[in-house]
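*Asks:* please find the sequence and the predicted model below.
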Amino acid sequence: MTASVLTFGCRLNAHESDGMAHHARGQTDTIIVNTCAVTTTAERQARQAIRRAHRENPDAKIVVTGCASDIAPARWAELPGVVRVVPNEDKLKPAIWGDNGPGLPPSRHARALLQVQQGCDHRCTFCIIPYGRGDSRSTPIEDAIARAEALVEAGHQEIVLTGVDIASWQDTAGKGLGALCRELLRRVEGVRRLRLSSIDPVLLDVKTGDADLWWLLENEPRLMPHLHLSLQAGSDLILKRMKRRHDTGGVAATLRRVRSMRPETGVGADLIAGFPTETEALFEETRAFIEEQQIPFLHVFPYSERPGTPAARMPAVPNAERQQRAARLRDVGDRNRDRFLERLIGTDFDILAETPNRGHSPEFAAIRLVGDAPAPVRGSFVPVRATGLENGTLLAEIRT
């Protein structure tokens, strides 16, 4: 058996798992488990997977890494079959996996991920991640450019900048994420589309936000009209108790400015339902804010206690109520999404073919190709016309 990787958690973890799989490709009888600490469910699933892997492959060497194991390495080392716990900061070092070869691992995605940042300097009351990832570290701009050039050379035309908190990226002169984006687009001409993964709303505060990023949003067509905000709540009191740095007024002002520049922008948001102390009235503030702001692409999570965080000591909302509130927010999101997608019906745009019949619009609307045209080549851009809507997905025909 060659090395295999079991991944839990976020897109960044999946990206890092690709790198570990590449560096460990010469290992045999090895199972790498990349853990997540965002929720207790993710941690429990990883533990169950380790026990199952040991039962099914008793001779395999199990190596554990990731945020959960970084917080409590001794507990994970005690699990059956585990021979090593690799710190998060070491897991992408080729030598850890016996890889002495040159070059960077490839991306297996048509839309390539480019990690430019690691860790977090903030201490939101619900979050354990800084204890598993450490303080914020920014990839040097020359390294990021080199990686982007390598991805383009490998055939990728669309790149997504990712990290734990990419809004905190800075170079040695104190320039921010917008400066990195401008330099990348200036120097790497083969990047046809650039996207940002989830960002802290403070990055686009209308008064203090990143001026370079605002300039790009208004003037650079290669920066996609798509923003995903780490919003978490639409109630100012709950945001304060979460120790977030934004408020609803600032987010509303940001969205007004973005939409005045590029009305077609697709907006997404992460939301936590049932945060401790959230009354029905406070929840209604979030529900109403999401509806008023017409945010179409929601990632909704019921609150999950993380021992060691301040929020875990606050008065809890019953779990059933968390689940019910999450479902209500998803319903609002579904209605917002369908209204947003209906406006795209009849319009023409290009999509990146991620499978023979699926891709995403520039606004990050999910697209399913219909009609009799031949299937496009994966990773190519395809001109399409949106023709309908089905189950939250735009239907589109290839334009010839």
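*Replies:* Ah, there it is. All figures in this text were calculated on a predicted structure; none of them were measured in a lab.

*Asks:* and the longest strand for this protein?
*Replies:* As assigned by DSSP state E, the longest strand anywhere in the chain is strand 381-390.

*Asks:* strand partners (parallel or antiparallel) of that strand?
*Replies:* strand 348-355 (antiparallel), strand 393-398 (antiparallel) (DSSP bridges).

*Asks:* how far is that strand from where the chain is centred?
*Replies:* Counting by Cα atoms, centre = their mean, to the nearest Å, strand 381-390 is centred 25 Å from the centre of its parent chain.

*Asks:* may I ask you to confirm that residue 58 belongs to a helix?
*Replies:* No - according to DSSP: H, G, I helix; E, B strand; the rest coil, residue 58 belongs to no helix; its state is coil.

*Asks:* and the closest residue to it other than its chain neighbours, backbone torsions?
*Replies:* The shortest distance from residue 58 to any non-neighbouring residue, by Cβ to Cβ, 6 or more residues apart in numbering, is to residue 81 (7.2 Å). Heads up, the C-betas are built off the backbone N, CA and C, glycines and all. Here the main-chain torsion angles of residue 81 (degrees, to the nearest 10) amount to phi 90, psi -10.

*Asks:* which ones are touching residue 316?
*Replies:* 276, 305 (Cβ atoms under 8 Å, 6 or more residues apart in numbering).

*Asks:* got it, and the one 3 residues further on?
*Replies:* Shown in contact with residue 319 (Cβ under 8 Å, 6+ apart): 274, 302.

*Asks:* can you give me the distance of it to residue 309?
*Replies:* 17 Å (Cβ to Cβ, to the nearest Å).

*Asks:* picking up where we left off before, can I get the strands paired with strand 381-390 in CSV including mean pLDDT?
*Replies:* Shown next, in CSV, are the strands paired with strand 381-390 (pLDDT from 0 to 100):
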stretch, mean pLDDT
strand 348-355, 95
strand 393-398, 98
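
*Asks:* pick the most buried one from those.
*Replies:* Among those, the stretch with the highest mean neighbour count (mean count of other Cβ atoms under 10 Å) is strand 393-398, at a mean of 20.

*Asks:* and the helices in the stretch 251-400 of the chain?
*Replies:* Under the criterion DSSP state H, counting those that start in this stretch, the stretch 251-400 of the chain contains helices at 280-293, 319-342.

*Asks:* out of those helices, flag the one nearest residue 63.
*Replies:* helix 319-342 (33.4 Å; Cβ to Cβ).

*Asks:* need the contact partners of stretch 379-394.
*Replies:* Residues contacting stretch 379-394 (Cβ under 8 Å, 6+ apart): 110, 155-157, 192, 334, 337-338, 341-342, 344-353, 359, 361, 365-370, 376, 395-399.

*Asks:* neighbours of the residue nearest to residue 58, how many?
*Replies:* Other residues within reach of residue 81, judged by other Cβ atoms under 10 Å, total 19.

*Asks:* list the contacts of stretch 166-178.
*Replies:* Counting by Cβ under 8 Å, 6+ apart, 116-117, 120-121, 136, 138-141, 161, 163, 179-180, 196-200, 202-203, 210-216 sit against stretch 166-178.
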